[in-house]
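**Q** I need the structure of the sequence given here:
(chains A, B and C)
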Amino acid sequence: MPAYQILVLGSIVPDPLQTLEPLTTPQGPGLKNEAMLPHVLDPWAAHALYEAASLVAKGAASKVTLVALGPKAKLQQVMMAVGQKVPFELLALDGPASGFTDAHEVSARLSEAVARLPGLDRSALLLFGGWESASRGAGVTLQMVGEQLGIYDQFFGVDELTVEPDGALRILERVEGGKHQVSRCAGPPAVLGWATGNLPEPRNNPQVGMANMRALLPALQKASPTPAGIGGVRFESVVVPRVTRETRIVKDQSVDEIARELVEWIRKD
Amino acid sequence: MTEKTAPGPIAPPSRQSLDVDIACVGFGPATAGFLTTLSRRLADASRPPLPSLASPGLPLQVVCYERADDAGFGVSGVVTRARAIRAAFPDLDPAQIPMAAPVREEKVLYLVDPVGASRRSVTLRAADRTLRAFHGVDHDSFELPWTPEFLHKTEGIVFSIGQLMQWMAGQVMAQGTVQIWPGTPVAEALIEGQAVRGVRLLDQGVDRQGRPGAGYLPGMDVHAALTVVADGPVGAVGRQLDQTLGMPGRNARREWAVGMKLVVDLPEDTPLSAGTVLHTFGFPEPEIFGFLYVHPDRVASVGIFVPSWFDSPTRTSYRYLQHYVQHPALWRYLQSARLRSWGAKSLLESGRRGEPFLVGDGFARIGEGSGSTNVLTSSGVDEAFATGVQLGEGVIELLEAQRPFTRPNLETAYVTRRRQSWVEQEGRVSERARDGFQRGVVTGLVGMALSGLTGGRASLGHEPPHPADQVGSVETFYAGKIPAAEVARIRADCEKRGVPLHDALMDRAGWPPIPMDGQVLVSQQDALLLGGKVQAPPGYADHVVFLDPELCRACGKRVCVEICSAEAIRPGDAGTPAFDREKCVHCGACLWSCPTRLSGTERVNLEFRAGAGGLHSAEN
Amino acid sequence: MDTVLLLTPAEQDGTLPRAAREALSAARAAGGPVAVGLFGASTGAATGQLAGAGLARIFCAEDEALAEPRYGTDAAAATALCRASGATVIVAPALSRVARIAAGVAHRLGGRIDTHVTQLASDGGLSVSRWYYRQRIEARLTRAQRPWVLLVDPGAFPAASFGSGAAPGVERVPVELGPELKRSTVLGQRAPTSGEQTIRPDAKLLFVAGAGWTKKQADGQPHAERASELILGFLRASGASLGTSKSLTDQAGEGQKVLEFMTHLNQVGQTGSTPRHPRGLSTCCHGEEPHVVGWRFIRERRVVNLDPACGWARGKADVLYVADAFAVMEKVNALLAAAKPEG
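**A** Modelled structure (predicted):
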């Protein structure tokens, strides 16, 4: 089996339950108290990381490197949680993780950093990531990094990757109607933007954590400043819409009456 | 994220182990003090390196395991004089730490009851009348013209402990010499005889009863020459040591409180400025003390303490907190505020009388769980930090002298330092400061003043009994307000609906319904989700366990259900409460509220174990 | 003024996808003359359907190799169409086939891209609206750079109306599709293994089942089998699409005896999806904010919940029926079944 080199592109996002409020900064829109919000590794990128680590564990890949662009201090915090999950190396880039940064700028920075990685072998390269982030949520950054690296086999909404005996990649992508498209790719290089995949979340493992920290902490300390702005975008308004309805609370109707009302409503055109 | 059954191994995985030099249980102010001290020494290239004995060839291996999903989630606070903290960080500028502000103004307010439902003694009701008649009250409150010195936070700082801990954890980790692992609960210490040989982490991939399921990973054994136990007042390892090794002399943990608070955004036009500190007493019940601290950027922390000597069996925090914020003296500031965060935690208020064995072969204890909190001045954070620094200095001494972590060595290196420090001295003064509260609120306040002013030589009252023995009956508590027959009717009705008693009782006692506004007055579950962002990862066992279901059935009181900060403990089938671990914030109030003692012991029928998850807000 | 290209693949049978008709409404809102670019193995049927659409030009890229969705060949064809048209704004429906390539195409054209566009306005220059942070923050933005590629989600715009008139002549765009673009082959599609197709993006109604369905009911027992029957029965009778809350999805993951036809693909809100349906009916669900974020694009909302103080009651729903969902859904299913002979 060929030994793939897997790079996972993924950044950090506020923990899903946090309350978010936009504000204006000189650099463009941002989140109020962003530095105070607990962050996690972007969920779909995290799935990609675990899938990559699973390939390493099976011997299909030699190692996995997470390439993360985000504020150094926040990256360090998130590594304390993610670092216990699976073994990986880190290329940390010290810059903004805001969803309002321009994907074109971010993808340019990421592909520059990837191209500079020592020992990069395009013919063995699998570029993983989440198919969309939980911040910008556009689903474009990974695709453009792939383009910039000249990779024209790209798959998105991936839930499964199987390596066939001849080294081909069998890939399942989410398509319309809850179905999956099954494709066969001759081999790397390829880009895979993951959805949820099928693997359970790995358990917290102190041995993995301790082993990871030897490389993760120095990588964080070496994180090079990587600015990325809002590009050529002019934001005319950035708001949390306040939609409050006048809820009619029905307490005294019988089950029959409620059912009739609902069926009428469902049938309305 | 969903759990799927991965193709499992043929045989169940066996328990793995790893060796480190020093393992810390819990990351709070105490461990922050310890690791700040130790990590700096380890990073100091001008001093001889301290080699690892566990992994020869490598530098000293120091790890800290924190239960909560991030450093700074499990804590709450505070206004502190920050003496030890500033000694460790001489250039500390509150502006560097989010939500920190130097104390500018301190006030103590006595709150008169505008609702008329609180259970006031004759003395207090007379005091209310006198105040109204002769002095007048401003917004139903009376500002004490003079407060004793010991209550002042001279040169103090208002902090969000969550933010302070995140900041300190970041500083510590950046040194690159120690590791802090969140999301890693420690189940127990590995005890051999009287010695501690390390810790065992919690099993993962188990069902709620702890039976192995998908992705089962038995908790790793971490062997360490020194285990630093800093898991707070309700931490599982600390209590395990107390049970196994006993407590020194007649020391016992008898006095507790649960602190519950909101962090709010004040309205744009608020007159309050950063660094304002308000302490209150008198409302919603005389036993309940409250506070309002103002952080920078129009953020405020507001909360109450519900103590174990508040003997109502239906004592509850959330509803009382909602009445508290509506008191005119506070509502004038909070009326258009918005909820940002919410949290609750237990405080151990036994002081030195709750001090366990501070050291033994292979272990040392620091922080609130080691009885460092000063119950006179109500301060604990700086004291905890100081004990961590003291242990850090002692450990460095022992490492440099290549002496083992035995009890005598740790006594000399750490305990002696602690005994000679201001933490000890001030702790002695405060030792009996709160005893008066056993007799009543007014006696308690007088007793505190007496203790403070006489340097601890005089005090009122007596040592508290076990909190389980203190819980009264609903009928007695509401005597004069609700006839016993009605109490019985309310009980039966709540039983049928499967809800706790406190709301129905408080309604009947004259507490008005809460006018929910979705801003600062929200439902308890909204406070959990929108405020505390409470969540728990799957794959762990229930960490609140009812030991003998018969005892639960026989218990008439179910204080655990009433006091639960998060409605995680609810009435269950056939008399045994039900527990929802996804809601639990690990405050531990259930632990000291259970009124059923296991005969002959200090233990109660409810076990509060280590668990994962809880609050996901670092703003508390 | 911008010139606009509606970029879309043809369906397998050569016809125009419905989402493309919606994207045409968006394209018209961009304010300039609209052309269409079609790619696929055969596009004849689609061009026929475009009579009366008021299009300025029609471009087609046809090739055997474009029979199946594939990045390499689709991106090349789409790029060729965009270049041939010279359009400064490219609007496309966010079908999976298009989303797979749109950013790559934008990059090749030296342009910029914005996806999940919910609104377009062209007074005083083109501006678009899109959501950030999983539908929690909405922004309106403009870009000066061109070409500007815009992906619009199915259901975000109404299907364009067509008048009478002939379609302009088809301009064939040649595409170079060398072997290096065909390293991947499509083997087919796979339906979900759960057997019951419960996700129906085109349904008029979203039916959300919350964790309350598997909790103990008034008799102190859970009734998961009955819950399954009622939910599946309703889906079959109404044609609704099924959504679930995170807590119910998590329960399924922990192996509890719950509703086996549910998977994480059904999850609405939080880390799940934000589906678009004109109506949504929520049952046994508390209506807490992180879940309700997923309801952002559900226009009319009704709820059946025993708790009158649940999150829905405070402005998140139009009507809250305080009632037992088991009883209500049983009656609803009976009424729907009784009426069937007419429909």
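**Q** Could you use CA atoms for every contact and neighbour count after this?
**A** OK.
**Q** does the helix or strand containing A:Ser111 come close to chain C?
**A** Assigning secondary structure by DSSP states H and E places A:Ser111 in helix A:103-115. Yes. Using C-alpha under 8 Å from any C-alpha of the partner chain, helix A:103-115 reaches chain C at A:His104.
**Q** same question for that helix, mean pLDDT?
**A** Per-residue pLDDT values over helix A:103-115 give a mean of 97.
**Q** Contacts for it next, please.
**A** Residues lying outside helix A:103-115 but in contact with it, judged by C-alpha atoms under 8 Å, 6 or more residues apart in numbering or on different chains, are A:67, A:69, A:140-142, A:144-145, A:148-149, A:226, A:228-231, C:112.
**Q** Who are the packing partners of the lengthiest strand in chain C?
**A** Residue-count comparison of every strand in chain C, with assignments taken from DSSP state E, identifies strand C:112-121 as the longest. Strand C:112-121 is packed against helix C:18-29, helix C:102-108, strand C:127-132, strand C:148-152, with contacts defined by 3 or more C-alpha pairs under 8 Å, 6 or more residues apart in numbering or on different chains; DSSP states H and E.
**Q** Would you check that A:Asp94 makes contact with A:Val67?
**A** No. Under the criterion of C-alpha atoms under 8 Å, A:Asp94 is not in contact with A:Val67, lying 11.0 Å apart.
**Q** The helix holding A:Ser111 vs strand C:112-121, what angle?
**A** Orientation of helix A:103-115 against strand C:112-121 (axes from the mean of the first three to the mean of the last three C-alpha atoms, to 10 degrees) gives an angle of 160 degrees.
**Q** buried stuff in helix A:103-115?
**A** Using 16 or more other C-alpha atoms under 10 Å in any protein chain shown as the burial criterion, the residues of helix A:103-115 that qualify are A:103-111, A:113-114.
**Q** Kindly indicate which of these lies nearest C:Leu242.
**A** Minimum distance to C:Leu242 across the buried residues of helix A:103-115 is 33.0 Å, recorded for A:Ala103 (C-alpha to C-alpha).
**Q** before we move on, back to that, give me the contacts around the longest strand of chain C.
**A** If you take C-alpha under 8 Å, 6+ apart as the criterion, strand C:112-121 is touched by A:104, A:138-140, C:26, C:29-30, C:94, C:102-103, C:106, C:126-131, C:145-153, C:156-157.
**Q** mind showing which ranges of chain B have poor pLDDT?
**A** In the predicted model, chain B carries pLDDT under 70 at residues B:1-12, B:136.
**Q** Please work out how many residues are found near residue 50.
**A** The chain I'm using is chain A. 23 (other C-alpha atoms under 10 Å in any protein chain shown).
**Q** that's the other chain; I wanted chain B
**A** Counted by other C-alpha under 10 Å, the residues lying close to B:Leu50 total 17.
**Q** could you check the distance from it over to B:Leu391?
**A** Applying C-alpha to C-alpha, to the nearest Å, the value for B:Leu50 to B:Leu391 is 16 Å.
**Q** How about B:His502?
**A** B:His502 sits 44 Å away from B:Leu391 when distances are taken as C-alpha to C-alpha.
**Q** more crowded one of those two?
**A** In this view B:His502 and B:Leu391 are compared by other C-alpha under 10 Å, and B:Leu391 has more residues nearby, 29 against 23.
**Q** Which residue ranges make up the domains of chain B?
**A** Structural domains of chain B, as assigned by automatic domain parsing, span the residue ranges B:24-94+B:162-206+B:220-252+B:352-429, B:98-158+B:253-350, B:435-464, B:470-608.
**Q** does any part of the last one sit near chain A?
**A** It refers to domain B:470-608. Yes. Contact between domain B:470-608 and chain A, assessed by C-alpha under 8 Å from any C-alpha, occurs at B:529-530, B:533.
**Q** so which of those residues is the most crowded?
**A** The most crowded member of the residues of domain B:470-608 next to chain A, judged by other C-alpha under 10 Å, is B:Lys533 (25 neighbours).
**Q** Isn't that one up against B:Leu615?
**A** Yes. Contact criterion C-alpha under 8 Å: B:Lys533 and B:Leu615 qualify, at 5.9 Å.
**Q** Can you check which residues contact both of these two?
**A** Taking C-alpha under 8 Å, 6+ apart as the contact rule, B:Lys533 and B:Leu615 have no neighbour in common.
**Q** And the contacts of the longest helix anywhere in chain B?
**A** Selection of the longest helix in chain B by residue count, based on DSSP state H, yields helix B:381-400. The set of residues external to helix B:381-400 that reach it, using C-alpha under 8 Å, 6+ apart, is B:29-38, B:41, B:50, B:78, B:80-85, B:364, B:366-368, B:372-374, B:404-405, B:409-410, B:413-415, B:417-418, B:423.
**Q** Dump the following helix or strand past that helix to CSV, keeping only the CA atoms.
**A** For helix B:381-400, the succeeding helix or strand toward the C-terminus, using DSSP H and E, is helix B:407-410. Presented in CSV, the C-alpha positions along helix B:407-410 are these (Å, rounded to 0.1, in the frame of the first residue of the first chain):
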residue,chain,number,x,y,z
ARG,B,407,5.6,12.7,54.3
PRO,B,408,8.3,14.0,56.6
ASN,B,409,10.0,15.7,53.6
LEU,B,410,6.8,17.3,52.4
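**Q** which secondary structure elements does helix B:407-410 contact?
**A** Applying 3+ C-alpha pairs under 8 Å, 6+ apart, one finds that helix B:407-410 contacts strand B:359-360, helix B:381-400.
**Q** Okay, buried residues for the longest one please.
**A** By that I understand helix B:381-400. Taking 16+ other C-alpha under 10 Å as the neighbour-count basis, helix B:381-400 is seen to contain the buried residues B:381-396, B:398-399.
**Q** pLDDT wise, what is the residue of the stretch 1-150 of chain A found nearest chain C at?
**A** When you check the stretch 1-150 of chain A against chain C by C-alpha to the nearest C-alpha, the closest residue turns out to be A:Ser135, at 4.3 Å. According to the prediction, A:Ser135 has pLDDT 96.
**Q** isn't it right next to C:Arg136, touching?
**A** No. Shown here, A:Ser135 and C:Arg136 do not form a contact pair, counting by C-alpha under 8 Å, at 9.8 Å.
**Q** Counting neighbours, go ahead and name the busier of those two.
**A** Shown here are A:Ser135 and C:Arg136; by other C-alpha under 10 Å, A:Ser135 has more neighbours (23 against 19).
**Q** OK, contacts around that one?
**A** A:13, A:98-100, C:132-134.
**Q** What is the host helix or strand of A:Gln181 packed up against?
**A** Counting by DSSP H and E, the element that carries A:Gln181 is strand A:180-185. For strand A:180-185, the packing partners by 3+ C-alpha pairs under 8 Å, 6+ apart come out as strand A:169-174, strand C:184-190.
**Q** Show the residue spans covered by the helices in chain C.
**A** Across chain C, reading from the start of the chain, the helices by DSSP H fall at C:18-29, C:44-49, C:71-85, C:96-99, C:102-108, C:224-238, C:246-253, C:289-292, C:325-339.
**Q** Out of these, which gets nearest to A:Leu125?
**A** Taking C-alpha to C-alpha, helix C:71-85 is the member of the helices of chain C nearest to A:Leu125, at 16.9 Å.
**Q** can I get the CA coordinates of that closest one in PDB?
**A** Once side chains and other backbone atoms are set aside, the C-alpha atoms of helix C:71-85 remain, and they are given as PDB (Å, rounded to 0.1, in the frame of the first residue of the first chain):
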ATOM      1  CA  TYR C  71     -14.500  17.800 -10.400                       C
ATOM      2  CA  GLY C  72     -11.900  17.700 -13.200                       C
ATOM      3  CA  THR C  73     -14.200  17.600 -16.200                       C
ATOM      4  CA  ASP C  74     -17.000  19.700 -14.700                       C
ATOM      5  CA  ALA C  75     -14.600  22.500 -13.700                       C
ATOM      6  CA  ALA C  76     -13.100  22.600 -17.100                       C
ATOM      7  CA  ALA C  77     -16.400  22.800 -18.800                       C
ATOM      8  CA  ALA C  78     -17.800  25.400 -16.500                       C
ATOM      9  CA  THR C  79     -14.700  27.600 -16.800                       C
ATOM     10  CA  ALA C  80     -14.900  27.400 -20.600                       C
ATOM     11  CA  LEU C  81     -18.600  28.500 -20.500                       C
ATOM     12  CA  CYS C  82     -17.800  31.400 -18.200                       C
ATOM     13  CA  ARG C  83     -14.900  32.600 -20.300                       C
ATOM     14  CA  ALA C  84     -17.000  32.300 -23.500                       C
ATOM     15  CA  SER C  85     -19.700  34.300 -22.100                       C
END
